[in-house]
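In: Just need the structure, nothing else, for what follows:
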Amino acid sequence: MTTQGRPYAGASREARESARREQIIAAGIELFGTQGYRAATVGAICDSAGLNKRYFYESFATLEDLLVEVYERVVADLRAVVLAGGAADAGGSETMTEAQGGESAAAPGGEAMAVLRGFMGGFLDWAQANPIFARVHLFEVLGVSARIDELYRRHGRVIGGELADALCVAVSGTVLTGTRRRVLGDLLVGAGIQIVVDWVIGDYQPPRQDLLSEIESTLGWVLTAGAIGES
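Out: Here you go, the predicted structure:
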């Protein structure tokens, strides 16, 4: 006895349902990221996907359920880019120019600076290259419902913890307590989001490289002040 469903045009029922679900998700990403979640309707999603409304309810009970799936995919994409950026800078950034306000990567705080620059560089690149994804992540999920708010916070905590861990790996001998790891993660995620939100609203000004240099100079000042305080 088969569970694959009756084949149609060479595809099983399950394969057809999966394909329709992907069409709906793609339409959700497009409409939420251009018109906005609050302006979207099930009918508009189905029109964009080229499907009858009944196929929407085949995969999702509500428009908010679709937003959850869209947001999960957006965050997964952002997470991969930001973590990869930090790893790349940790392994490949040997020096930091005086024009950027940095210091040699071998100097105290240099490794941390390289990783932080990688995180922010990756985030800025992602936001500018993916304006539809960026709008969903930075604006459209805010204040929708308690459920979406918790999803937003949960992803922030997870990514913040991963960023804190990556920073510790780059700075040899660094060990964080659970509380400090959480606080550091909150600082990294919170500051990063606020910087990128302002940058997107400001039409990507100042230019990416200028903004990164200013971020690096400011972080250098903070790291130097911390080193002086501990000496």
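In: from here on, contacts and neighbour counts on C-alpha atoms
Out: Fine.
In: top helix in this protein by residue count?
Out: helix 63-92 (DSSP state H).
In: pLDDT averaged over that one - what is it?
Out: Taken as a whole, helix 63-92 has an average pLDDT of 90.
In: Give the next helix or strand downstream of it.
Out: The helix or strand immediately downstream of helix 63-92 is helix 110-129, counting by DSSP states H and E.
In: quick one, that following helix and helix 63-92 angle?
Out: 140 degrees (axes from the mean of the first three to the mean of the last three C-alpha atoms, to 10 degrees).
In: that older thread, which positions within the longest helix of the chain qualify as buried?
Out: 63-64, 66-68, 70-71, 74-75, 78-79, 81-90 (16 or more other C-alpha atoms under 10 Å).
In: check contacts around Phe139.
Out: Under the criterion of C-alpha atoms under 8 Å, 6 or more residues apart in numbering, Phe139 has no neighbours.
In: Am I right that Ala134 is in contact with Asp125?
Out: No: between Ala134 and Asp125 there is no contact under C-alpha atoms under 8 Å: 10.6 Å.
In: out of these two, which sits in the more crowded spot?
Out: For Ala134 versus Asp125, the count of surrounding residues by other C-alpha atoms under 10 Å is larger for Ala134: 23 against 15.
In: what's the nearest residue to that one if we skip its chain neighbours?
Out: In space, and not counting its chain neighbours, Ala134 is closest to Ala127: 5.2 Å by C-alpha to C-alpha, 6 or more residues apart in numbering.
In: my read: that neighbour touches Val136, true?
Out: No: using C-alpha under 8 Å, Ala127 is not in contact with Val136; the gap is 10.6 Å.
In: tell me the centre residue of the chain?
Out: The residue lying closest to the centre of the chain (C-alpha atoms, centre = their mean) is Leu78, at 3.2 Å.
In: What separation is there between that one and Ile45?
Out: Distance of Leu78 to Ile45, given as C-alpha to C-alpha, to the nearest Å: 24 Å.
In: what does Leu187 give?
Out: 36 Å.
In: Looking only at neighbour counts, state which of the two leads.
Out: Ile45 (26 against 14).
In: Which residue, other than its chain neighbours, is closest to the more buried one?
Out: According to C-alpha to C-alpha, 6+ apart, the nearest residue to Ile45 is Ala27 (5.7 Å).
In: And Cys168, by the same measure?
Out: Closest residue to Cys168 apart from its sequence neighbours, by C-alpha to C-alpha, 6+ apart: Thr174 at 5.4 Å.
In: isn't the one you found right up against Ala166?
Out: No: Thr174 is beyond contact range of Ala166, at 10.8 Å (criterion: C-alpha under 8 Å).
In: In terms of neighbours, single out the busier of the two.
Out: Ranked by neighbour count (other C-alpha under 10 Å), Thr174 and Ala166 place Ala166 first, with 19 against 10.
In: Cool, thanks, talk later.
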